[in-house]
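In: Dropping the sequence and predicted coords here.
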Amino acid sequence: MSVLEIRDLHVTVETDAGTTPILNGVTLTIRTGQTHAIMGPNGSGKSTLAYTIAGHPKYTVTSGSITLDGEDVLAMSVDERARAGLFLAMQYPVEIPGVTVTNFLRTAKTAIEGEAPSIRGWTKDVKDAMKNLRMDPKFAQRNVNEGFSGGEKKRHEILQLELLKPKIAVLDETDSGLDVDALKIVSEGVNRAKAESDLGVLLITHYTRILRYIRPDFVHVIVSGRIVEEGGPELADRLEEEGYDRFITEAGTSV
Ligand code: ADP
Ligand code: MG
Ligand code: MG
C-alpha cells in the first residue's frame with residue numbers, strides 16, 4: 001500500500017508577463033488501489049498539477065508539499081520519481097529520435113528496477129502487452145512518438161503503464177483525440193493495470209466520457225488552480241449534465 005500526498009500546493013510558472021500563480025493550494029491524497037478523477041475547464045491548472053508531480057523544470061513550487069509514502073517527491077529528480085513508483089503520461093508526449101519503442105521501454109524498465117530484465121522474458125512481456133492493446137507488432141521497432149497518431153501515442157502511454165508497473169499513475173487527458181474504439185482499448189489497459197498491480201490512478205480529464213470506462217472512486221473539480229468540489233462518481237455524472245459553469249461562477253473567475 002502506497003500513498004501520494006499533495007498538501008496545500010502552490011505553483012507558479014514564468015511567463016513573459018512575469019511570475020504567474022497557477023495552482024493556489026491543491027490538497028489531494030491518492031492511495032494505491034484508488035482511482036481519482038481531476039476534472040476542470042481548460043486552463044484550470046490540471047496539466048500544471050501533472051507536470052509538477054513529474055518534476056517539470058518550468059513549474060516552481062512556492063509552498064506546500066508532495067510526498068510518496070512520506071518521502072519528499074519535490075526533492076527527487078525526474079528519474080528518482082519514476083524509480084519511486086510514479087508514472088506520468090503527458091498530454092503532449094515528446095519525440096525521441098533514433099530510439100525505438102522496444103529499446104525505450106527496456107531502458108525505462110532497467111532504470112526503474114535497477115537491473116535489466118532478461119531479454120526473453122521482456123520480449124514476451126512486451127509482445128503480450130502490445131497484443132492486449134491491439135497494437136501492430138511492427139510498432140515496437142518504430143522511433144518513440146515519431147509520426148505517431150494521437151491514438152498510437154495514447155496506446156504507447158498505456159503500454160508503458162502496463163510494463164513499468166508503477167505504484168501511482170498520473171494520466172493527463174489520456175482520452176483526448178481518441179475515437180470510441182481506441183478509448184475502450186486504452187481504458188481496458190488502465191483497468192488491467194489496476195487489476196494486476198493495485199495501481200493508484202490520477203485521471204486528469206476535461207470530459208466525462210472516459211469515466212464511463214474507467215470508473216473513478218473520487219472526483220475532484222479544479223477551477224483556477226483550486227479544488228472547488230469533491231465527491232464520488234455521481235459528481236462526474238452531474239458535470240456531464242451541468243458542465244463547469246456553476247463552479248466557475250462560484251469561484252468568481254472567468255476562464
Ligand atoms: P489545463 O491543463 O487545466 O487546461 P494548464 O495547467 O495547462 O491547464 O494551464 C493553466 C494555466 O497556466 C493556463 O492559463 C496556462 O496558460 C498557464 N500555463 C501553464 N503552463 C504554462 C507555461 N509553461 N507557460 C505559460 N503559461 C502556462
Ligand atoms: Mg489544456
Ligand atoms: Mg491540460
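Out: Looks like it arrived, so ask away. Ligands and ions are numbered 1, 2, ... in the order given.
In: Pick out the residue of the stretch 1-150 of the chain closest to ligand 3.
Out: Of all residues in the stretch 1-150 of the chain, Ser47 sits closest to ligand 3, at 3.1 Å by Cβ to the ion. (Each C-beta comes from the backbone N, C-alpha and C, glycine too.)
In: isn't that residue right up against Asp172?
Out: Yes - with contact defined as Cβ atoms under 8 Å, Ser47 counts as touching Asp172 (5.6 Å).
In: between these two, which one's more packed in?
Out: Using other Cβ atoms under 10 Å as the criterion, Ser47 and Asp172 rank with Asp172 on top: 24 against 19.
In: measure the more buried one to Thr205 for me?
Out: According to Cβ to Cβ, to the nearest Å, Asp172 and Thr205 sit 8 Å apart.
In: go on, Leu23?
Out: Note on Leu23: its distance to Thr205, by Cβ to Cβ, is 17 Å.
In: now Ala84
Out: Taking Cβ to Cβ, one finds Ala84 at 25 Å from Thr205.
In: What of Glu241?
Out: For Glu241 relative to Thr205 (Cβ to Cβ), the value is 16 Å.
In: These two: which has the busier surroundings?
Out: Between Glu241 and Thr205, Thr205 has the larger neighbour count (other Cβ under 10 Å), namely 22 against 7.
In: got the phi/psi numbers for the more buried one?
Out: Per-residue torsions, Thr205: phi -150, psi 150 (degrees, to the nearest 10).
In: Then Thr29?
Out: According to degrees, to the nearest 10, Thr29 has phi -120, psi 120.
In: repeat for the one 10 residues further on
Out: The phi/psi pair for Met39 (degrees, to the nearest 10) reads phi -120, psi 150.
In: Same check on Leu203?
Out: According to degrees, to the nearest 10, Leu203 has phi -100, psi 110.
In: Please name the nearest non-neighbouring residue to it.
Out: Ala37 (4.8 Å; Cβ to Cβ, 6 or more residues apart in numbering).
In: Could you list the buried residues of stretch 39-55?
Out: For stretch 39-55, burial by neighbour count (16 or more other Cβ atoms under 10 Å) applies to 39-41, 44-55.
In: Cross-check the residues you listed against ligand 1 and keep the overlap.
Out: 40, 44-48 (Cβ under 6 Å from any ligand atom).
In: Among these, which one sits closest to Pro117?
Out: Checking those against Pro117 by Cβ to Cβ gives Ser47 as the nearest, at 31.3 Å.
In: quick one: the helix or strand that contains the closest one to chain centroid distance?
Out: Assessed by DSSP states H and E, Ser47 sits inside helix 46-54. Offset of helix 46-54 from its chain centre (Cα atoms, centre = their mean, to the nearest Å): 9 Å.
In: Then stretch 227-240?
Out: Distance, centroid of stretch 227-240 to centroid of chain: 19 Å (Cα atoms, centre = their mean).
In: which residues are contacting it?
Out: Contacts with stretch 227-240, where a contact means Cβ atoms under 8 Å, 6 or more residues apart in numbering, come from 26-28, 37, 39, 208, 211, 215-222, 247, 250-251.
In: Next: stretch 208-220.
Out: Taking Cβ under 8 Å, 6+ apart as the rule, stretch 208-220 contacts 28, 34-39, 174-175, 183-184, 187-188, 190-191, 201, 203, 205, 227, 229-233, 235-237, 239-240.
In: residue contacts, Leu88?
Out: 50, 53-54, 81, 169-170, 172.
In: Helix, strand, or coil at it?
Out: strand (DSSP: H, G, I helix; E, B strand; the rest coil).
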